[in-house]
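1. Predicted model and sequence below, questions to follow.
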Amino acid sequence: MTAISLRQRRTLAKAAALPPLAERPGPIAKFAGVAVLAVATIYFLAPVVWVMIASTKSNRDLTTSFGFWFSEWNLAANYESLLVWTQGLFWQWVGNSIFYSVSAGVIGTLFAVMAGYAIAKFDFPGKRLAVGAIMGRLLLPVALLTVPLYIEFQAFGLVDTPWAIIIPSAVSPFGVFLGIVYARDAVPTELLEAARIDGAGEMRIFFTIVVRLLAPAMVTIFLFVFVATWNNFLLPLMMLSSAELKPVTLGLYGMMTYFAPAKGAVMLGALLGVLPLIVLFFGLQRFWRSGLSAGAVKG
């Protein structure tokens, strides 16, 4: 029996990894797939590139020069103008957005996973009614609930406080739905029964077993709640009047309400304000991808 060279082994391994010939896409399908991906990439990256370039321009350059090409480098002046227009509160607004989004993300993820796990693995009276209420809440736009929330929080004296942003943002029906789907398939019932036989309580089972099994799903839910809280504009507009408590989205909107605002400074603020989201996605993308695929295939 002749020995197989390293190159032949690699060739055989690549051949084994390829799909059958009948299932391989043809050249037209490959070209169409690459074309669609290229168009989607340009569609999603073009606004980011435009904001990066626009943040270096003055008001005159924004209207007289090509949008996707640098002209006069006005970045330092735009940064100074950003701090002046915001009265030195810009980075405090960014910090507020991070605080609101992280707090709502942590609280919302924990409650969503606990509710999803309870619905998926326990039988209790009113279970179908609870699931129906959660699914019905998914059909309601968030803006529809902003005014009723404002009236309730005003009655409790929580308007113009961080809780007016954190508490409503932490309620995530979509996160509960994801928690139900993931807990149903990712948490084996046999493992829970074995833990109960060994004498573990329900709280210990949840925090020592279930949380570890649902870690990728929790990252996914956290990202959804974080981004939704960060991008929320109407809720802070209704709830907050103090300039020190504003998130960065509401603060930049306030800049645009001035007469003849420095639009390059606003673009720079938008770019700096979105950097935490970019860092978060790049840092958690591995867990996010695994969380999206969890529960997709039932073992």
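-> Looks like it came in fine. Numbering: from 1, shown residues only.
2. Near residue 51, how many other residues are there?
-> 15 (other Cβ atoms under 10 Å). Any C-beta I mention is one placed from the backbone N, CA and C, and that applies to glycine too.
3. correct me, but it touches residue 267?
-> Yes. Between residue 51 and residue 267 there is a contact under Cβ atoms under 8 Å: 5.5 Å.
4. Do you have the helices of the stretch 101-250 of the chain handy? List them.
-> For the stretch 101-250 of the chain, the helices defined by DSSP state H, counting those that start in this stretch cover 127-138, 142-155, 163-170, 173-186, 189-197, 202-205, 211-213, 215-231, 234-239, 248-256.
5. Going by contacts, tell me the helices and strands next to the fifth one.
-> In this case it means helix 189-197. helix 202-205 (3 or more Cβ pairs under 8 Å, 6 or more residues apart in numbering; DSSP states H and E).
6. again, but for the first one
-> Helices and strands touching helix 127-138, by 3+ Cβ pairs under 8 Å, 6+ apart, are helix 90-121, helix 173-186.
7. In contact with the nearest residue to residue 149 once chain neighbours are set aside, which residues are there?
-> Nearest residue to residue 149, sequence neighbours excluded (Cβ to Cβ, 6 or more residues apart in numbering): residue 168, at 5.4 Å. Applying Cβ atoms under 8 Å, 6 or more residues apart in numbering, we find residue 168 in contact with 145, 149, 235.
8. tell me which of those residues is nearest to residue 281?
-> Taking Cβ to Cβ as the measure, residue 281 sits nearest to residue 235 out of the contacts of residue 168, at 22.4 Å.
9. which residues touch the closest residue to that closest one other than its chain neighbours?
-> Nearest residue to residue 235 in three dimensions, chain neighbours excluded: residue 146, at 5.7 Å (Cβ to Cβ, 6+ apart). When contacts are counted by Cβ under 8 Å, 6+ apart, residue 146 touches 234, 235, 238.
10. Burial check on the first one, number of neighbours?
-> Meaning residue 234. Residues near residue 234, counting by other Cβ under 10 Å, number 13.
11. With the second one instead?
-> Burial of residue 235, expressed as a neighbour count using other Cβ under 10 Å, amounts to 22.
12. That one touches residue 148, doesn't it?
-> No. Contact criterion Cβ under 8 Å: residue 235 and residue 148 do not qualify, at 11.8 Å.
13. Out of the contacts of residue 168, which comes closest to residue 99?
-> Closest approach between those and residue 99, by Cβ to Cβ: residue 235, at 14.9 Å.
14. Please report how far that closest one lies from residue 67.
-> 32 Å (Cβ to Cβ, to the nearest Å).
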